[in-house]
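Novice: Kindly return the folded structure for what I paste below:
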Amino acid sequence: MADSPYVIAVTAESFQRVVVEGSHERLVLVDFWADWCAPCRMLMPVLASLADAYGGKLLVAKVNTDKEQALAVDYGIRSLPTVQLFKDGRPIDQFMGALPEPQVREFLERHLPRESDRLLAQARGLLNAGDRAGAARIIEQAREADPENARVRLVEAEIEAAAGNVQGAQAILDDLPRELADDPEVVRLKGQVSFAAIQVDSPPEATLVSRLEADPKDSDARHRLAAHLVARGDFEGALEQLLELMKRDRPFADDAGRKGMLMVFAMLGGQGDLVTGYRSRMLNALY
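Specialist: Residues are numbered from 1 along each chain as shown. Now for the predicted structure:
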């Protein structure tokens, strides 16, 4: 084991705390290895050197697969070494084999925090406070400082969405690099923009509720009401309306009820009691 404060051996007992929970604070690189694996021994000093070089931005967690076979099975390890990168509680990328240091560094640089990320966080803070102009000025600084940071475009999409420019926000999201497609922030924002497009030109929420009280078969009102509920963060209410839409009028707007539920599931990260419960109810309604 490398003598580094940023390299630590983990077991099944410590994996949740060190890797899953720890990856909410910084990136955690999990090295699945074994004593008999020569490429594993070649890779170890490379990972330790990079962990030291990044000075706390990265933790290397080592899993001895001979001793922790259940962990290897849980994370689908089929060859050694396999290295998985964890962020926000889940694996987001991986590589296999003893890559040379430049390639491992390139792999990490795609995910490590950048100085421009601080500006993006500042812009988001201004945006959340309602200062779109201030957020736009900070974004311009971030773009000039780091034109290669694709997340600058992501925050630009958030600014456009906050300004009500749904088409502009969607165009930016459609143009993001492929590697960001499954990023939780991108998935969440794509869902928000999609529902915002439904909400555009919709009557107020109270009007839609009145329409449904008068006619529970009004699928258009139910669909638009679900979009309003998503916009104000009432995901349970939105899922209830979308489920009812799916059950009452499956063909409406090309299966909008079911597709809307799947979009909300994705926005919620695909897990949690709310997702589990409504996914079960959706499947029961379908079959």
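Novice: Can you tell me the closest non-neighbouring residue to Glu244?
Specialist: Excluding its sequence neighbours, the residue lying closest to Glu244 (C-beta to C-beta, 6 or more residues apart in numbering) is Arg222, at 6.4 Å. Any C-beta I mention is one placed from the backbone N, CA and C, and that applies to glycine too.
Novice: Neighbours of that neighbour, how many?
Specialist: 23 (other C-beta atoms under 10 Å).
Novice: same deal with Glu244?
Specialist: Using other C-beta under 10 Å, Glu244 has 17 other residues around it.
Novice: ok, it to Ala253 distance?
Specialist: According to C-beta to C-beta, to the nearest Å, Glu244 stands 14 Å off from Ala253.
Novice: what does Glu140 give?
Specialist: Taking C-beta to C-beta, one finds Glu140 at 38 Å from Ala253.
Novice: same deal with Ala206?
Specialist: Ala206 is 22 Å from Ala253, by C-beta to C-beta.
Novice: What sits closest to Leu229 if chain neighbours are left out?
Specialist: Nearest residue to Leu229 in three dimensions, chain neighbours excluded: Ala238, at 3.9 Å (C-beta to C-beta, 6+ apart).
Novice: just checking, that neighbour touches Arg232?
Specialist: No. The pair Ala238 / Arg232 is not scored as a contact, 9.3 Å apart, by C-beta atoms under 8 Å.
Novice: how about the strands of this structure, start to end?
Specialist: 7-9, 27-33, 58-64, 82-87, 90-96 (DSSP state E).
Novice: Ala206 and Ala253: which has the busier surroundings?
Specialist: Neighbours per residue (other C-beta under 10 Å) separate Ala206 from Ala253, with Ala253 holding more: 14 against 9.
Novice: Find me the pLDDT at the more buried one, would you?
Specialist: We have a pLDDT of 96 for Ala253.
Novice: how far away is it from Ala70?
Specialist: Ala253 is 45 Å from Ala70, by C-beta to C-beta.
Novice: same thing with His228?
Specialist: For His228, the distance to Ala70 - C-beta to C-beta - is 46 Å.
Novice: For these two, work out which one has more neighbours and name it.
Specialist: His228 (22 against 10).
Novice: residues touching the nearest residue to Met246 once chain neighbours are set aside, list them.
Specialist: Leaving aside its sequence neighbours, Met246 sits nearest to Gly257 (C-beta to C-beta, 6+ apart; 3.0 Å). Gly257 makes contact with 223, 242-247, 249-250, according to C-beta atoms under 8 Å, 6 or more residues apart in numbering.
Novice: and with 10 Å instead?
Specialist: 219, 222-223, 226, 241-251, 282, 285 (C-beta atoms under 10 Å, 6 or more residues apart in numbering).
Novice: now Asp66
Specialist: The contact partners of Asp66, by C-beta under 10 Å, 6+ apart, come to 33-37, 72, 80.
Novice: one more time with 7 Å, if that's ok
Specialist: 34-35 (C-beta atoms under 7 Å, 6 or more residues apart in numbering).
Novice: Could I get the pLDDT score of it?
Specialist: For Asp66, pLDDT reads 96.
Novice: Same question for Ala2.
Specialist: 51.
Novice: show me where pLDDT drops low in the stretch 1-150 of the chain?
Specialist: Counting by pLDDT under 70, the stretch 1-150 of the chain has low-confidence residues at 1-2.
Novice: Can you show me the helices along it?
Specialist: Ranges of helices in the stretch 1-150 of the chain, per DSSP state H, counting those that start in this stretch, are 12-15, 38-53, 69-74, 101-109, 115-128, 132-145.
Novice: what's the distance between Asp74 and Glu148?
Specialist: Taking C-beta to C-beta, one finds Asp74 at 35 Å from Glu148.
Novice: Neighbour count: these two, which is higher?
Specialist: Set side by side, Asp74 and Glu148 show more neighbours around Asp74, with 11 against 8, by other C-beta under 10 Å.
Novice: ok, Leu112 touching Lys57?
Specialist: Yes. Contact criterion C-beta atoms under 7 Å: Leu112 and Lys57 qualify, at 5.8 Å.
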